[in-house]
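**Q** Build me a model from this:
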Amino acid sequence: MTKRNRPDVLVVGAGFAGSVCAREFAEKGFKVLVLEQRQHIGGNMFDGTDRNDLMIHWYGPHIFHTNNQTVFNWLDRFTDWRPYEHRVLGRIKGEEVPIPFNFTSIDTLFPSKTAQRLKKRLIQAFPNKERITVSELTGHQDEELAELGDFIFENVFVHYTAKQWGIPVEQVDSAVINRVPVLLSYDDRYFQDELQFMPKNGYTELFKQILSHENIVCRLGVSADAALRLEAEGRILFEGEVFEGPVIYTGAPDQLLNYHFGRLEYRSLDLSFETIKKTQFQKAAVVNYPNEEKFTRITEFKQLTGQVKEGVTAILKEYPSAYTGKDKLEPYYPIETAANRKQYEAYRNKLMTWENLYLCGRLAQYRYFNMDEVIEYALQLSAAIMKLDSVSFVANG
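**A** Below is the predicted model of the structure:
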């Protein structure tokens, strides 16, 4: 690449973190080069049609939901929307009940008189609260509510969590378990955010629009370690020459440093897609299987996308798996333990040696992010970098 054509900003990764940063810099007049190691844009939000012309989320289901109006307004420039409120059922004691656990779940799984008493006690014990954590129930002084908490914990969380994370539930950070609340109402929505939508034409088309700018160039099938070299002197080489502009990195930090402190732990998913010769396969877009099956959930995509097609549907079964980096599986979920966080901090601190390198996103920051959280951070990071006289941002990861 000639000096005349060299970018002002390098972005590694074309998921939300990288694409949002790329667009922000491009709109301010910077030339941006996006490097993506996969053969497509969109990261794990990548979608498209299968051989039956059914729209599929190829890395598992993704639903956009937020209370952040700023984030929604930013995305709204690039897509039309289809309103969609996500509902999930869970197979518990032979019944399919709403997840998160709510009053309908109680009505279905308990005798009528018991259910009425439990609901009344919940309202009395937690006045003016719409949602609580399972931990608030299991530790409650009311013995019957504590028993309800134990029931929910055992049947909704214990086995599902063990499958999802590959470790006993007592070793899982409580924040992970408490992401799924108990709802003190008949609200059967999985999310309670004010803004819940699906991109009308899919996520891939949304990313195409975000990255469609005269100042953005995307290169697919290029890994960061092939294009970049981090020198001990704090310099970054791009294609053999020193690059002094911002480098926004959204990939795994251990990979960038050639696993210097060991491999970071992630959980992955073995995704099994099936075509079913039926118009509809299940009662909800997603049905969780916390207990009996080896898979954790089944997604039926037509119920997510709103696609109408008679006589055929597509489903996905998710089998949690260890991530080794030696197969075709993706690193989906950082395993949130104190030891893993310490290992990540070692990588983060080492990478801060390179003052023009910025970490952004789920992999790079080794944190579970919802889509809106990633977008918000990317917007803040881009604005902060552009305000600096020199490339040194204290919050670079």
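
**Q** so where's the protein uncertain?
**A** Filtered on pLDDT under 70, the chain yields the residue ranges 1-4, 173-175, 177-178, 389-397.

**Q** need the longest helix for it.
**A** As assigned by DSSP state H, the longest helix anywhere in the chain is helix 371-387.

**Q** Please tell me how far that helix is from the chain's geometric centre.
**A** 17 Å (C-alpha atoms, centre = their mean, to the nearest Å).

**Q** Output it as CSV, restricted to C-alpha atoms.
**A** Extracted as CSV, the C-alpha positions of helix 371-387 are listed here (Å, rounded to 0.1, in the frame of the first residue of the first chain):
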residue,chain,number,x,y,z
MET,A,371,-25.3,-5.4,21.4
ASP,A,372,-26.3,-2.0,22.7
GLU,A,373,-23.5,-2.0,25.3
VAL,A,374,-20.9,-2.7,22.6
ILE,A,375,-22.3,0.0,20.4
GLU,A,376,-22.3,2.5,23.3
TYR,A,377,-18.7,1.7,24.2
ALA,A,378,-17.6,2.0,20.6
LEU,A,379,-19.2,5.4,20.2
GLN,A,380,-17.5,6.6,23.5
LEU,A,381,-14.1,5.2,22.6
SER,A,382,-14.2,6.7,19.1
ALA,A,383,-15.1,10.1,20.4
ALA,A,384,-12.4,10.0,23.1
ILE,A,385,-9.7,9.0,20.7
MET,A,386,-10.6,11.8,18.3
LYS,A,387,-10.4,14.4,21.1
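
**Q** check contacts around residue 376.
**A** 68, 70-71 (C-beta atoms under 8 Å, 6 or more residues apart in numbering). C-beta: built from backbone N, CA, C; applies to glycine.

**Q** any chance of the residues you listed in TSV, plus secondary structure?
**A** Shown next, in TSV, are those (DSSP: H, G, I helix; E, B strand; the rest coil):
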residue	secondary structure
68	coil
70	helix
71	helix
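
**Q** Among those, name the buried ones.
**A** Among those, those classed as buried by 16 or more other C-beta atoms under 10 Å are 68, 71.

**Q** OK, contacts around the residue nearest to residue 213 when sequence neighbours are not counted?
**A** Closest residue in space to residue 213, ignoring its immediate chain neighbours: residue 26 at 4.3 Å, by C-beta to C-beta, 6 or more residues apart in numbering. Residues in contact with residue 26 (C-beta under 8 Å, 6+ apart) are 32, 213-216.

**Q** and residue 26, how far is that from residue 11?
**A** As judged by C-beta to C-beta, to the nearest Å, residue 26 and residue 11 stand 10 Å apart.

**Q** Report the set of residues contacting both of those two.
**A** residue 32.

**Q** can you confirm residue 347 is in a helix?
**A** Yes. Under three-state DSSP, residue 347 falls within a helix.

**Q** rewinding a little: for the longest helix of the chain, buried residues please.
**A** Buried residues in helix 371-387 (16+ other C-beta under 10 Å): 371-379, 381-382, 385.

**Q** Is it possible to get JSON lines of the residues you listed that adds distance to residue 247?
**A** Below are the buried residues of helix 371-387 laid out as JSON lines (distance: C-beta to C-beta, whole Å):
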{"residue": "371", "distance to residue 247": "23"}
{"residue": "372", "distance to residue 247": "25"}
{"residue": "373", "distance to residue 247": "22"}
{"residue": "374", "distance to residue 247": "18"}
{"residue": "375", "distance to residue 247": "20"}
{"residue": "376", "distance to residue 247": "21"}
{"residue": "377", "distance to residue 247": "17"}
{"residue": "378", "distance to residue 247": "14"}
{"residue": "379", "distance to residue 247": "18"}
{"residue": "381", "distance to residue 247": "12"}
{"residue": "382", "distance to residue 247": "13"}
{"residue": "385", "distance to residue 247": "10"}
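
**Q** Do I have it right that residue 42 meets residue 204?
**A** Yes. At 5.1 Å, residue 42 and residue 204 qualify as touching, with contact defined as C-beta atoms under 8 Å.

**Q** so who does residue 237 touch?
**A** Counting by C-beta under 8 Å, 6+ apart, the residues that residue 237 touches are 228-231, 243.

**Q** Just the buried residues from the contacts of residue 26, in PyMOL please.
**A** Listed next is the PyMOL selection for buried residues among those, using 16+ other C-beta under 10 Å:
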select buried, resi 32+215+216
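
**Q** Please check the contacts of residue 237 and keep the buried ones.
**A** Neighbour-count burial (16+ other C-beta under 10 Å) applied to the contacts of residue 237 gives 228, 230, 243.

**Q** Could you single out the nearest of the residues you listed to residue 279?
**A** residue 228 (49.2 Å; C-beta to C-beta).
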